[in-house]
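1. Starting from these lines, generate the structure:
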Amino acid sequence: MSHQWEVELADGKHTITFMHGTTSGKRVINVDGDELLRRNWMFKLVGEEFFNIGTKKDHEGCISISTDGLKYKYSLFIDGKPLQEFTSEWKKSMKSWHFETSGELHLVVLDMDTMKIFIDGEMTNAEGDFVEDGTETHFSVGSHPAYILTTPSSDSNTMEHILFVNDEEVLPSSEDRATKPGSSKVKWTGHSQVQ
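-> Sure thing, here's the model as predicted:
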């Protein structure tokens, strides 16, 4: 039996593949094509297998194997939560921007719970400054100066997070534009292009 899941983290999308030999108990876990775990002969055909996921291996994955007597059921947990719950919470706490600058595509992700910033999958060092209308968190995208302005939203009790690269506003990714309040009121089309 083989089962596959897609997991989106701040460092990008990951594919988890689990192979289970239902007669031998064999278990193999691959993440993004790399084999992380292999158990060839196991007498216990149900149970859990733990592994780490993410570029920095900073999230814990768990595949739970159970049976109703006739067929096997496979469930994926990330950081102790069922995949669907983890994904729902992740989407609420992350804001992302896809954009092009100097001919290169970039992804910037802000974890709104911790205020950590990831650029193309790598956490970056950033420096925050208080400004008149909120805070600016400064960092670089390649050789380009960038900052995220965090300011109170004008129409609700939420905070807006607006990315600027080379002092130009970058539009949020389409998922954020459609589902999250607090985005800038710009009319969105495609990914941003920064000069």
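2. Show me what the longest helix that the chain contains is packed up against.
-> Taking DSSP state H as the criterion, the chain has its longest helix at helix 83-93. The helices and strands touching helix 83-93, judged by 3 or more CB pairs under 8 Å, 6 or more residues apart in numbering; DSSP states H and E, are strand 2-9, strand 72-78. The C-beta positions use only the backbone N, C-alpha and C, and glycine is treated the same way.
3. Could you point out which of the ones you listed sits nearest Thr158?
-> Of all these, strand 2-9 sits nearest to Thr158, with 22.1 Å by CB to CB.
4. for that closest one, packing partners?
-> strand 12-20, strand 72-78, helix 83-93.
5. Could you dump the ones you listed into a markdown table and include distance to Phe43 and mean neighbour count?
-> Shown next, in a markdown table, are the helices and strands packed on strand 2-9 (distance: least, CB to CB, whole Å; neighbours: other CB atoms under 10 Å):
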| stretch | distance to Phe43 | mean neighbour count |
| --- | --- | --- |
| strand 12-20 | 14 | 16 |
| strand 72-78 | 16 | 16 |
| helix 83-93 | 28 | 14 |
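6. got the ones you listed as CSV, with distance to Gly128 and mean pLDDT columns?
-> Listed next are those as CSV, based on distance: least, CB to CB, whole Å; pLDDT from 0 to 100:
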stretch, distance to Gly128, mean pLDDT
strand 12-20, 25, 92
strand 72-78, 29, 95
helix 83-93, 18, 90
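7. Take those and lay them out in CSV including distance to Glu6.
-> As requested, the helices and strands packed on strand 2-9 are exported to CSV (distance: least, CB to CB, whole Å):
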stretch, distance to Glu6
strand 12-20, 6
strand 72-78, 10
helix 83-93, 9
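8. what's the angle from the longest helix of the chain to strand 2-9?
-> 20 degrees (axes from the mean of the first three to the mean of the last three CA atoms, to 10 degrees).
9. Tell me how far helix 83-93 lies from the chain's centre.
-> A distance of 9 Å separates the centroid of the chain from that of helix 83-93, by CA atoms, centre = their mean, to the nearest Å.
10. Now the element after it, going C-ward?
-> Under the assignment DSSP states H and E, the closest C-terminal helix or strand after helix 83-93 is strand 94-101.
11. and that next one, average pLDDT?
-> Mean pLDDT, computed over strand 94-101, is 89.
12. No further queries at this time; thank you.
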